[in-house]
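> Have a look; sequence and predicted model below, questions after that.
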Amino acid sequence: MGLQVGIVGLPNVGKSTLFNAITNSKVMAANYPFATIEPNVGVVEVPDKRLDNLAKIFGSKKTIYTTIEFVDIAGLIAGASKGEGLGNAFLANIRETDAICEVVRCFDAKDITHVEGSVDPVRDVEIIELELILSDEASVKKRLAKVEPKFKSTKDKTIIAEFNLLKKCEAQLEEGKLLNKLEFDEEENHLLKSFQLLTTKKFIYVANVGESDVNQDNEYVKTLKDYANNNNCEVVKICAKVEEELSELDSEDKQTFLSDLGIEEPGLEVLIKAAYKSLGLKTYFTAGPQEARGWQFKDGYTAPQCAGIIHTDFEKGFIKADVYKCEDIFQAGSEQALKATGKVRLEGKTYLVQDGDVCFFKFNK
């Protein structure tokens with residue numbers, strides 16, 4: 001259930017530099033448009049000190065973190081949906097992602113060209129989102145052309161529901177609006193997943209700033225944050241250049257470097273938190289002598305659903321689960337000491353798993 005995030009943006013906004021930094025890759029980052037041609041994919045482990053502490057307590061042989069997969073595609077430009085540039089050809093590569101990360105340039109640099117000739121974060125966001133809207137509109141019309149003839153001559157509820165949903169999407173897109181601004185019921189959301197439309201996803205804006213602005217918001221960032229607040233989107237401020245330097249340091253040097261800059265945590269960790277918040281994701285843990293492991297789950301998942309993330313048989317045969325908060329075992333020092341406090345609970349099928357829960361699932365084979 002690894003989280004997938006697609007990275008989009010105009011050319012020369014720092015997309016590839018950011019991708020290099022967060023995935024520790026060596027993708028070409030050049031001062032000209034379309035340096036990224038083939039989509040780049042990188043899988044990143046999600047740092048979690050809670051999991052590190054659990055591994056120490058249990059003496060786990062292995063520690064397995066949750067992961068995020070980042071997909072970086074070629075820079076989009078105005079007119080991409082009509083064949084301009086290269087980016088539109090690769091949008092298919094981010095259709096299956098859970099969220100879209102828009103990298104927006106929020107720094108001035110005479111030696112780095114801007115494809116639009118000037119720095120304007122809101123304009124850049126609107127260009128990117130219009131191209132995504134137009135791409136979705138083309139996909140919806142193509143699907144409608146296949147469904148409409150069947151709709152006219154059928155009483156099949158599935159076909160009728162699909163046609164009505166496509167028309168609802170078409171109307172929104174023709175107005176130049178993102179689909180994530182619409183309300184959909186449970187049935188519609190189920191159907192929408194098969195459409196793989198880009199603008200139904202959550203959007204996170206990454207304000208890429210210069211080193212001089214890591215501790216303060218410049219006017220570009222303030223403008224972007226105002227825009228994001230009005231559109232219920234998250235903004236993460238990152239200096240891609242700093243993140244790239246951080247990626248080449250070991251843990252101790254990294255912490256010293258962050259302290260010198262007055263930064264509390266790396267941009268990658270801030271971005272991960274924003275992605276989790278936007279998507280309603282949380283983490284529960286399993287731990288023992290063999291391995292300590294983190295598992296991503298959706299807020300509102302029951303104990304059987306969370307068990308099913310490990311294996312479908314766990315959900316089907318779910319009986320009960322031993323559950324406790326990771327903070328409680330940190331305080332107790334061991335599982336044996338924790339059990340003596342009475343803080344290990346036996347939970348049933350209706351229990352809603354919480355972030356930071358440590359679970360031991362019991363099931364019928």
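Yes, it's here. Numbering: from 1, shown residues only.
> Make sure residue 190 is indeed in a helix.
Yes: under DSSP: H, G, I helix; E, B strand; the rest coil, residue 190 sits within a helix.
> Distance check, it against residue 184.
9 Å (CB to CB, to the nearest Å). From N, CA and C alone the C-beta is placed, and that goes for glycine too.
> again, but for residue 153
Distance from residue 153 to residue 184, by CB to CB: 26 Å.
> Among residue 190 and residue 184, which residue is more densely surrounded?
residue 184 (16 against 11; other CB atoms under 10 Å).
> ok, now which ones touch the more buried one?
With contact set as CB atoms under 8 Å, 6 or more residues apart in numbering, residue 184 has these partners: 165, 192.
> wait, is it part of a helix?
No: under three-state DSSP, residue 184 sits outside any helix and is assigned coil.
> Do you know the pLDDT at it?
pLDDT, residue 184: 95.
> Repeat that for residue 218.
95.
> That one against residue 119, yeah?
No: Residue 218 lies out of contact with residue 119 (CB atoms under 8 Å); the separation is 10.1 Å.
> Just the strands from the stretch 51-200 of the chain, written as ranges.
Here the stretch 51-200 of the chain has its strands, by DSSP state E, counting those that start in this stretch, at 62-64, 67-72, 99-105.
> In CSV: these, plus distance to residue 363, mean neighbour count and mean pLDDT.
Converted to CSV, these look like this (distance: least, CB to CB, whole Å; neighbours: other CB atoms under 10 Å; pLDDT from 0 to 100):
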stretch, distance to residue 363, mean neighbour count, mean pLDDT
strand 62-64, 21, 14, 96
strand 67-72, 25, 22, 88
strand 99-105, 32, 26, 93
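> Among those strands, which comes closest to residue 304?
Closest approach to residue 304 among the strands of the stretch 51-200 of the chain (CB to CB): strand 62-64, 21.8 Å.
> And the next helix or strand past the helix or strand hosting residue 270?
Residue 270 belongs to helix 267-279 when assigned by DSSP states H and E. Sequence-wise, the next helix or strand downstream of helix 267-279 (DSSP H and E) is strand 281-287.
> mind listing the helices for the stretch 1-150 of the chain?
Taking DSSP state H, counting those that start in this stretch, the helices of the stretch 1-150 of the chain run over residues 15-23, 49-58, 121-151.
> Could you dump the ones you listed into CSV and include mean pLDDT?
Below are the helices of the stretch 1-150 of the chain laid out as CSV (pLDDT from 0 to 100):
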stretch, mean pLDDT
helix 15-23, 83
helix 49-58, 97
helix 121-151, 93
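> hey, which of those is tucked in deepest?
Stretch with highest mean neighbour count among those: helix 15-23 (a mean of 25; mean count of other CB atoms under 10 Å).
> got the angle between that helix and helix 267-279?
Comparing the axes of helix 15-23 and helix 267-279 via axes from the mean of the first three to the mean of the last three CA atoms, to 10 degrees yields an angle of 90 degrees.
> which residue packs closest to residue 206, ignoring adjacent ones?
residue 103 (4.7 Å; CB to CB, 6 or more residues apart in numbering).
> how close does that neighbour get to residue 227?
From residue 103 across to residue 227, the span is 15 Å (CB to CB).
> Repeat that for residue 205.
Using CB to CB, one gets 8 Å for the distance from residue 205 to residue 227.
> Would you mind listing the residues touching both of those two?
The contact sets of residue 205 and residue 227 overlap at residue 125 (CB under 8 Å, 6+ apart).
> Neighbour count for these two, which is higher?
Applying other CB under 10 Å to residue 205 and residue 227 shows that residue 205 carries more neighbours, namely 27 against 17.
> quick one: the more buried one is in a strand?
Yes: checked against three-state DSSP, residue 205 lies within a strand.
> who touches the residue nearest to residue 167 when sequence neighbours are not counted in this structure?
Spatial nearest neighbour of residue 167, chain neighbours left out: residue 144 (7.3 Å); criterion: CB to CB, 6+ apart. With contact taken as CB under 8 Å, 6+ apart, residue 144 is in contact with 163, 166-167, 170.
> Out of those, which sit inside helices?
Per DSSP state H, helices hold the following members of the contacts of residue 144: 163, 166-167, 170.
> What about these, which one has the most neighbours?
Busiest of the ones in helices among the contacts of residue 144 [other CB under 10 Å] is residue 166, holding 22 neighbours.
> Residue 150 is in contact with that one, correct?
No: judged on CB under 8 Å, residue 166 makes no contact with residue 150 at a distance of 11.8 Å.
> Quick one: residues contacting residue 235.
Counted by CB under 8 Å, 6+ apart, residue 235 has contacts 204-207, 221, 224-225, 228.
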